[in-house]
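Chemist: A structural model of the following input is requested.
(chains A and B, ligands or ions: 2)
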Amino acid sequence: MTKKIPPVIELRGLTKRYGVGDAEHNALDEIDLTIEKGEFITIMGPSGCGKTTLLNILGLLDRSDDGEYLLDGKSVETLSNTRHARIRSQQIGIVFQSFNLINRLNVIENVALPLTYKGMFRTKRLIMASEILKSFHLSEREYYMPWQLSGGQMQRVAIARALVNNPSIILADEPTGNLDSKSSHIVMEELSDLHKRGNTIVMVTHNPNLTTYASRVIQMLDGKVASDTKVPPAKKETNKKKPLNIESSTPPVKDTPKKSAKNRKKKQAKK
Amino acid sequence: MTSLLIFEHIQNAYHSLRSTKMRTLLTILGVAIGVASITTILSLGGGVTKLVSNQIDNLGGNIAVVRPGMVSKSLNDFTNPTTSGIFTTSTLTEEDFRDIQAVEGVEAAAPLMVLNGSVKSTKNGTKPANSVIVATTPSLEQIAKLPIRDGQFIDTVTDQNTSVIGSQLSVDLFGTDQSIGQTFTFRGQIFTVIGVLKHMNNPINYNNVDFDHTAIISLESGKGFNQGIVQIQQINVSAKSVDQLPHVIDTANKQLLANHQDEKDFDILSGEEIAKPTSQFFKAVTAVMTVIAAISLVVGGIGIMNIMLVGVAERTREIGLRKAVGASDINIVWQFLTESLIMSLLGGILGYISGYIIALMISTALPFDPIFSWEIAAIAMSIAVGVGTVFGLYPAIRAARKDPIESLRQYH
Ligand SMILES: Nc1ncnc2c1ncn2[C@@H]1O[C@H](COP(=O)(O)OP(=O)(O)O)[C@@H](O)[C@H]1O
Ligand SMILES: [Mg+2]
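Modeler: Ligands and ions are numbered 1, 2, ... in the order given. Below you'll find the predicted structure:
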């Protein structure tokens, strides 16, 4: 591409504070970041460094306290809640750290949910949801309820839901954190495919092996960008030829071990 | 875009209400009770109005009625002349009656002066409990089309202390409906029966007098019981023709205003207005039912609000998720408002049906039937929808205002 287009995402001095008085602390501390269309960014960093907070703000689920967030060259601060909802509906797909499936809806309805707010009719929604579930090898689980699925399956459903409305920006918070290597592979191939089709992807991960898919790796520390490395395409190419080892030899650091434990307990209780 | 979502919201509401059947049913019942009361009141009230207006139609449409007015119109509704003989100071005087009688185009006029006290048979001393004494002039027979079975109506020629009595009163007093020449006492005064009315079985009428239980005496006699002052509860006026009625009313109105120093403490009613129910019994029932309806509608509404708030709290995470995948605040408001509207509409339908069943049951003890009309259905449904909207809006707005991140953080 030769023509200069504004970056998809541009952050200038973005700051998010939590707490008041002595307890006040910057979850995000004057972050400057420019993301061009079509980049595949992985964000790494220790637990509590602000990765989720950053993704929430990028996904317009949260507002910053300071600084500027330009989406397609336009500041989002001045936009109404309704505009934000529209952008989330048309442009952004979010994969949450916890699956956030609606328990009273079955798998296909969960996946079809984002299409509702695009004003699509039910039949068409279900067809589209069914298609995307097929590419995640979940066709035979369409009418399962979320609590009848394994953790890996739930996360794949959640990712399918994030991708169903064909968003140009995909924000994923540890999408493979709960998946085995086979499931991880399916998910990463899907994301990689979306990337190749020109979508912008921002993914938080603890697994260094997954950075091989990325075009750029950002390390965060204490709410700041510690390092920002572009991965040369050549290196990517060689890496890709190696056999994939998605599951790291050491167990990945869990962001919120408490939550995961709770989830496991819940699942056991259900059985 | 939002319009397409209506099916979505309805389907959603259906599933969520179904999953909480018991509490949904109870909430619906809350609204239904209020709507049922409203429906009962309106259908029975309509029944009375229809009954009385049929009577007035039968009289020929040339009738006007003058009633004393009180401070306000609504208070007036509760203090009109009654069969129970509650004696209120009337603003209408004998002079008013004479002046109306003299108005051009008036065929006849008759005052109704309802007196307190009971009658007693001189034959065996029986005192019927629910008798009514009405002092009036001979023209009442013609205006009210009172049917005489035996004897004659009161007139100006015969002795003052004569009376025409209703057939039931005759039986109650003397054990027979053949009572011409019999005597009874009222406040120490002896009256001779000179006529007996036909049995009419028409307790609800625009005169608010059940003539089956009434002793009619002359206005002169009535005056004697009230320190010579005439206390008129109603003046019936008939015009020479239907065409002349508006003119008669207009002139009478001016005349009475002049008599009352320009104070409008009276009402001249014609046509449908006369038919407006005025019986004290009916008013009491209506008042009680209206209070029940109002209270139960508020309680029903609070029930909806309560259940909706619970539902919103239970689905906090769902709300956060829906927002995250693109739902706007308006989408969320409609999602929850649809739910409360469906509950209140179902309550409205249930209430409307049971209201009619109640009205039909009550009417078996009354001389009229409840009316069916689309207006009542429309009122019942709009009240239900109004309750659903008013009490469902706050929970729905609360749901929409939820912060998506905070909502998603919640665990259940
Ligand atoms: N709602 C909140 N209230 C107070 N502090 C918060 C809240 N959310 C996040 N934080 C804090 O902000 C920091 C960054 O959190 P987060 O973005 O979740 O980290 P990460 O995803 O990198 O593990 C942490 O120190 C966390 O305690
Ligand atoms: Mg996190």
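
Chemist: B:Asp150 should be in a helix, yeah?
Modeler: No - applying DSSP: H, G, I helix; E, B strand; the rest coil, one finds B:Asp150 to be strand, outside a helix.

Chemist: which ones are touching it?
Modeler: B:Asp177, B:Gln178, B:Ile180, B:Gly195, B:Val196 (CB atoms under 8 Å, 6 or more residues apart in numbering or on different chains). Using the backbone N, CA and C atoms, a C-beta is placed for each residue, glycine as well.

Chemist: setting aside sequence neighbours, what's the nearest residue to the residue in the stretch 151-300 of chain B positioned nearest to ligand 2?
Modeler: Proximity of the stretch 151-300 of chain B to ligand 2 (CB to the ion) peaks at B:Gly300, 45.5 Å away. Nearest residue to B:Gly300 in three dimensions, chain neighbours excluded: B:Gly30, at 3.5 Å (CB to CB, 6 or more residues apart in numbering or on different chains).

Chemist: picking up where we left off before, list the buried residues in whichever strand or helix holds the residue of the stretch 151-300 of chain B closest to ligand 2.
Modeler: Assigned by DSSP states H and E, B:Gly300 belongs to helix B:280-314. Applying a neighbour-count criterion of 16 or more other CB atoms under 10 Å in any protein chain shown, one finds B:280, B:283, B:285-286, B:289, B:292-293, B:296-297, B:300-301, B:303-305, B:307-308, B:311-312 buried in helix B:280-314.

Chemist: same check, this time on stretch B:390-409
Modeler: Those would be B:390-393, B:395-396, B:398-400, B:402, B:404-405, B:407-408, for stretch B:390-409 by 16+ other CB under 10 Å.

Chemist: phi first, then psi, for B:Val164.
Modeler: phi -110, psi 130 (degrees, to the nearest 10).

Chemist: just the pLDDT for it.
Modeler: If you check B:Val164, the pLDDT there is 92.

Chemist: so what's it up against?
Modeler: Taking CB under 8 Å, 6+ apart, one finds B:Ile148, B:Gly151, B:Gln152, B:Phe153, B:Ile154, B:Val193, B:Ile194, B:Gly195, B:Val196, B:Leu197, B:Ala215, B:Ile216 in contact with B:Val164.

Chemist: which of those residues has the most neighbours?
Modeler: For the contacts of B:Val164, the largest number of neighbours (other CB atoms under 10 Å in any protein chain shown) sits with B:Ile216, at 27 neighbours.

Chemist: am I right that that one is in a helix?
Modeler: No - secondary structure assignment (three-state DSSP) places B:Ile216 in strand, not in a helix.

Chemist: so what's the residue nearest to it when sequence neighbours are not counted bridging to?
Modeler: Nearest residue to B:Ile216, sequence neighbours excluded (CB to CB, 6+ apart): B:Val164, at 4.5 Å. Bridge pairing for B:Val164 (DSSP bridges) gives the partners B:Gly195, B:Ile216.

Chemist: same question for A:Glu68.
Modeler: A:Glu68 has these beta-bridge partners by DSSP bridges: A:Arg12.

Chemist: I'd like the next helix or strand past the helix holding B:Gly300.
Modeler: That would be, after helix B:280-314 and using DSSP H and E, helix B:316-324.

Chemist: so what's the gap between that next one and the chain middle?
Modeler: 51 Å (CA atoms, centre = their mean, to the nearest Å).

Chemist: continuing past that helix, what's the next helix or strand?
Modeler: Taking DSSP H and E as the definition, the helix or strand right after helix B:316-324 is helix B:329-363.

Chemist: show me what the next helix-or-strand element following that following helix is packed up against.
Modeler: Later in the chain than helix B:329-363, the nearest helix or strand by DSSP H and E is helix B:374-401. In terms of contacts (3 or more CB pairs under 8 Å, 6 or more residues apart in numbering or on different chains; DSSP states H and E), helix B:374-401 is packed against helix B:21-59, helix B:280-314, helix B:329-363.

Chemist: how about the residue in the stretch 1-150 of chain A that ligand 2 sits nearest to, secondary structure?
Modeler: Closest contact between the stretch 1-150 of chain A and ligand 2, by CB to the ion, is at A:Thr52 (3.2 Å). Following three-state DSSP, the label given to A:Thr52 is helix.

Chemist: surely it is in contact with A:Met220?
Modeler: No - checked against CB atoms under 8 Å, the pair A:Thr52 and A:Met220 is beyond contact range at 10.7 Å.

Chemist: residues touching the most centrally placed residue in chain A, list them.
Modeler: Compute the mean C-alpha point of chain A, and by CA atoms, centre = their mean the closest residue is A:Ala172, 1.0 Å away. Contacts for A:Ala172 (CB under 8 Å, 6+ apart) come out as A:Ile94, A:Val95, A:Ile159, A:Ala162, A:Leu191, A:Ile201, A:Val202, A:Met203, A:Val204.

Chemist: what about the first one, how many residues nearby?
Modeler: Per other CB under 10 Å, the neighbour tally for A:Ile94 reads 28.

Chemist: quick check on B:Thr183: phi, psi?
Modeler: phi -130, psi 150.

Chemist: what about it, distance to ligand 1?
Modeler: 96 Å (CB to the nearest ligand atom, to the nearest Å).

Chemist: just B:Arg315 next, same as before
Modeler: As judged by CB to the nearest ligand atom, B:Arg315 and ligand 1 stand 20 Å apart.

Chemist: what does B:Arg401 give?
Modeler: From B:Arg401 across to ligand 1, the span is 17 Å (CB to the nearest ligand atom).

Chemist: excluding covalently adjacent residues, which one is nearest to that residue?
Modeler: The nearest residue in space to B:Arg401 (CB to CB, 6+ apart) is B:Asp329, at 7.3 Å.

Chemist: before we move on, the earlier item: pick the one among the contacts of A:Ala172 closest to ligand 1.
Modeler: A:Val204 (6.8 Å; CB to the nearest ligand atom).

Chemist: phi first, then psi, for the closest one.
Modeler: The phi/psi pair for A:Val204 (degrees, to the nearest 10) is phi -90, psi 130.

Chemist: mind pulling up the pLDDT for it?
Modeler: 94.

Chemist: same thing with the one 5 residues further on?
Modeler: The predicted structure scores A:Asn209 at 87 on the pLDDT scale.

Chemist: kindly report the same for B:Phe97.
Modeler: For B:Phe97, pLDDT reads 89.

Chemist: and the one 3 residues further on, by the same measure?
Modeler: Looking at B:Ile100, its pLDDT reads 89.

Chemist: contacting residues for it?
Modeler: So B:Ile100 contacts B:Val66, B:Val106, B:Ala109, B:Ile235, B:Val237, B:Ala252, B:Gln255, B:Leu256 (CB under 8 Å, 6+ apart).

Chemist: quick check: the farthest pair among these?
Modeler: B:Val106 and B:Leu256 (13.1 Å; CB to CB).

Chemist: still on that earlier bit, quick one: the residue nearest to B:Ile216 from B:Tyr206, how far?
Modeler: Per CB to CB, to the nearest Å, B:Val164 is found 19 Å from B:Tyr206.

Chemist: how near is the closest residue to B:Ser37 other than its chain neighbours to ligand 1?
Modeler: Closest residue to B:Ser37 apart from its sequence neighbours, by CB to CB, 6+ apart: B:Ala293 at 3.6 Å. Counting by CB to the nearest ligand atom, the gap from B:Ala293 to ligand 1 is 47 Å.
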